[in-house]
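Visitor: Got a predicted structure plus its sequence, pasted below:
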Amino acid sequence: MTTEKTESKLWGGRFDQPTDKFVEEFTASVNFDKRLYAHDILGSSAHARMLTKVGVLTQIECDAIVKGLEEIRAEIERGEFAWSVSYEDVHMNIEARLTARIGEAGKKLHTGRSRNDQVATDVRLYLREQIDVLLAQLTRLQSALIDVAEREADTILPGFTHLQTAQPVTFGHHMLAWFENLRRDSERLRDCRKRVNVMPLGAAALAGTTYPIDRAYTAQLLGFDAAAENSLDAVSDRDFAIEFVAACSLIMMHLSRFSEELVLWSSTQFNFVDLGDGFCTGSSIMPQKKNPDVPELVRGKTGRVYGHLTALLTLMKGQPLAYNKDNQEDKEPLFDAIDTVQGCLRVYADMIPVMQVKNDVMREAARRGYATATDLADYLVRKGVAFRDAHEIVGKSVRYGIEQGKDLAQLSLAELQKFSPVIEQDIFGVLTLEGSVAARNHIGGTAPAQVRAAVKRAREWVRHSTG
Ligand code: ARG
């Protein structure tokens, strides 16, 4: 390639003066949009085949283009492709290289299209693939949660409201709560994918094209569900990216909440779980420390994904139809959201199966926290006491227990009867942690039997959603 050829602009015809050197760098996107190369090549090959089908290109030209593009793909993958900011973006870098390799036919590839419909198509093809990666990662983490839930269906810990001990719950039930969060995330991504999978190609710059294009054929070649209905909308719409990053923000919010629990639970004060040495780091100064860096970082990274959502919403709010160069700014937030969420899901799916659950510590915490107080109230109600009165009676018993340094199950029948004469020997079955969780035996309840049933349904959902 001669210097003159690499440096001359593909759109240089109407210009007298060269682009300012800094402006060239300032306006270029190749350093970040080169990650779209495979999808750009995919889209270009389909476009060339469509142009051939409708008689705009000859079969010989088409073959040269498709072969040339494949060779460029190989060049890029071998790390031998010379990306140049003077060609601004991934699209013109590849087109210029194609013409350098195959000559005249390369110059015909851009017939009936614009970078405006090209870039929108590339981003959608790329995002569609990344959504599928994310869905598989979500499923992997969900399966890990199901496995832990099954293993720990009988394990009891205090459930919290206001971070105060509330009622005993089973660890399996708690893990399945996070499974449900991720199930919604998965459904949201699937729904978003429907709007991602619509093809802008054919919109050209903004108004469509004068060539007799067959958009349904291109869409079919590229696996799109349909061609976009309106050319102005097709080149300017970035809703799909915004809703994707919104879905990512919710995934991160869920992982961040989960992380907050794991940070608390792995503290010396709680000591409910051990995250495993592979997922913690030490302190350079305090030898005793084992820090939960992974959940902390996931919690921290949530902020940057929210930032990307705000960036994209703000990017779009001032744009008149149709394409504006502003849209080039969609890529970095989108790409970083993808990378961040994929990293977080991966590390979580690796970490959860090796997390050690400290059953004894959790059980003891539930016992100490008067977690069965509501069970005592419910017992009194069953014996005919009004709930408000029962609440008062149990409140007094708890206060007495705190004074005596005993939990409710440790009080004698005589002691309990001082608070209500209806209490009988059968109360002790009610005050145990096992009795408490087993009694919440309905769909959505924490009873071990319900956890096992929910595990079954969750596995069925996984099978169905991946099948
Ligand atoms: N690099 C551009 C982008 O990311 C490609 C489209 C440019 N179109 C144009 N008319 N300048 O949006």
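Guide: Thanks, I have the structure now. All of these numbers come straight from a predicted model, not from anything done at the bench.
Visitor: From now on I want contacts and neighbour counts done on CA atoms only, so please keep to that.
Guide: OK.
Visitor: before we move on, which element is residue 154 in?
Guide: For residue 154, there is no host helix or strand (DSSP states H and E).
Visitor: Likewise for residue 160?
Guide: strand 156-161.
Visitor: Please identify the residues of the stretch 251-400 of the chain in proximity to the ligand?
Guide: Within the stretch 251-400 of the chain, the positions near the ligand by Cα under 6 Å from any ligand atom are 325, 327, 328.
Visitor: Please indicate which of the residues you listed has the highest neighbour count?
Guide: Neighbour tally across those (other Cα atoms under 10 Å): the maximum, 19 neighbours, falls on residue 327.
Visitor: was I right about that one contacting residue 314?
Guide: No: counting by Cα atoms under 8 Å, residue 327 stays clear of residue 314, with 11.2 Å between them.
Visitor: so the residue in the chain that the ligand sits nearest to, which of the three states?
Guide: Nearest residue of the chain to the ligand (Cα to the nearest ligand atom) works out as residue 328 at 3.6 Å. The three-state label given to residue 328 by DSSP: H, G, I helix; E, B strand; the rest coil is helix.
Visitor: tell me which helix or strand of this protein sits lowest on mean pLDDT?
Guide: helix 3-7 (a mean of 44; mean pLDDT, DSSP states H and E).
Visitor: which residues touch stretch 100-113?
Guide: 1, 44, 47-48, 57, 61-62, 64-65, 68, 95-96, 98-99, 201-205, 209-211, 213 (Cα atoms under 8 Å, 6 or more residues apart in numbering).
Visitor: who touches stretch 40-49?
Guide: Here stretch 40-49 has contacts from 57, 62, 65-66, 69-70, 73, 90-91, 109, 118-119, 121-122, 218, 221-222, using Cα under 8 Å, 6+ apart.
Visitor: Tell me which stretches of the stretch 251-400 of the chain form helices.
Guide: Here the stretch 251-400 of the chain has its helices, by DSSP state H, counting those that start in this stretch, at 293-317, 331-351, 359-368, 373-382, 387-404.
Visitor: name the helices or strands packed onto the first one?
Guide: What it means is helix 293-317. Judged by 3 or more Cα pairs under 8 Å, 6 or more residues apart in numbering; DSSP states H and E, the packing partners of helix 293-317 are helix 239-265, helix 331-351.
Visitor: so where is this structure shaky, pLDDT-wise?
Guide: Applying pLDDT under 70 to the chain picks out residues 1-7.
Visitor: I'd like the distance from the longest helix along it to the chain centre, please.
Guide: Counting by DSSP state H, the longest helix found in the chain is helix 115-151. Distance of helix 115-151 from the chain centroid (Cα atoms, centre = their mean, to the nearest Å) equals 7 Å.
Visitor: tell me the angle it makes with helix 239-265.
Guide: For helix 115-151 against helix 239-265, the angle between stretch directions is 30 degrees (axes from the mean of the first three to the mean of the last three Cα atoms, to 10 degrees).
Visitor: Can you list the helices and strands that helix 115-151 packs against?
Guide: Where contact means 3+ Cα pairs under 8 Å, 6+ apart, helix 115-151 is packed against helix 37-53, helix 90-102, helix 171-196, strand 198-199, helix 231-236, helix 331-351, helix 448-466.
Visitor: Buried ones in stretch 282-290, by neighbour count?
Guide: residue 290 (16 or more other Cα atoms under 10 Å).
Visitor: Span of that stretch from start to end?
Guide: Taking Cα to Cα, to the nearest Å, the first and last residues of stretch 282-290 lie 5 Å apart.
Visitor: If you drop the residues flanking it in sequence, what lies closest to residue 354?
Guide: Leaving aside its chain neighbours, residue 354 sits nearest to residue 276 (6.6 Å; criterion: Cα to Cα, 6 or more residues apart in numbering).
Visitor: sorry, back to before: sort out which of the contacts of stretch 40-49 are buried, if you could.
Guide: Buried residues within the contacts of stretch 40-49, defined by neighbour count using 16+ other Cα under 10 Å: 57, 62, 65-66, 69-70, 73, 90-91, 109, 118-119, 121-122, 218, 221-222.
Visitor: Report the contact partners of residue 298.
Guide: With contacts defined as Cα under 8 Å, 6+ apart, residue 298 is in contact with 252, 255, 256, 259, 344.
Visitor: Count the neighbours of the third one for me.
Guide: It stands for residue 256. Neighbourhood size, residue 256 [other Cα under 10 Å]: 22.
Visitor: Distance-wise, check residue 337 relative to residue 252.
Guide: 10 Å.
Visitor: which residues do the two both contact?
Guide: Counting by Cα under 8 Å, 6+ apart, the common neighbours of residue 337 and residue 252 are residue 305.
Visitor: sorry, back to before: export the helices of the stretch 251-400 of the chain to JSON lines and tack on distance to residue 103?
Guide: As requested, these are exported to JSON lines (distance: least, Cα to Cα, whole Å):
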{"stretch": "helix 293-317", "distance to residue 103": "38"}
{"stretch": "helix 331-351", "distance to residue 103": "31"}
{"stretch": "helix 359-368", "distance to residue 103": "71"}
{"stretch": "helix 373-382", "distance to residue 103": "81"}
{"stretch": "helix 387-404", "distance to residue 103": "86"}
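Visitor: what's the neighbour count on the spatially closest residue to residue 146 that is not a sequence neighbour?
Guide: Once flanking residues are discounted, residue 146 sits nearest to residue 455: 6.0 Å by Cα to Cα, 6+ apart. Residues lying near residue 455 (other Cα under 10 Å) number 24.
Visitor: Over to residue 211?
Guide: Look at residue 211: counted by other Cα under 10 Å, it has 14 neighbours.
Visitor: Could you do residue 89 as well?
Guide: Using other Cα under 10 Å, the number of residues around residue 89 comes to 22.
Visitor: From residue 284, how far out is it?
Guide: Remark: distance between residue 89 and residue 284 (Cα to Cα) = 44 Å.
Visitor: picking up where we left off before, so of the helices and strands packed on helix 115-151, which one's packed in deepest?
Guide: When the helices and strands packed on helix 115-151 are scored by mean count of other Cα atoms under 10 Å, the highest mean neighbour count falls to strand 198-199 (a mean of 26).
Visitor: Work out the sheet partners of it and label each with its direction, please.
Guide: Strand 198-199 pairs in its sheet with strand 226-227 (parallel), by DSSP bridges.
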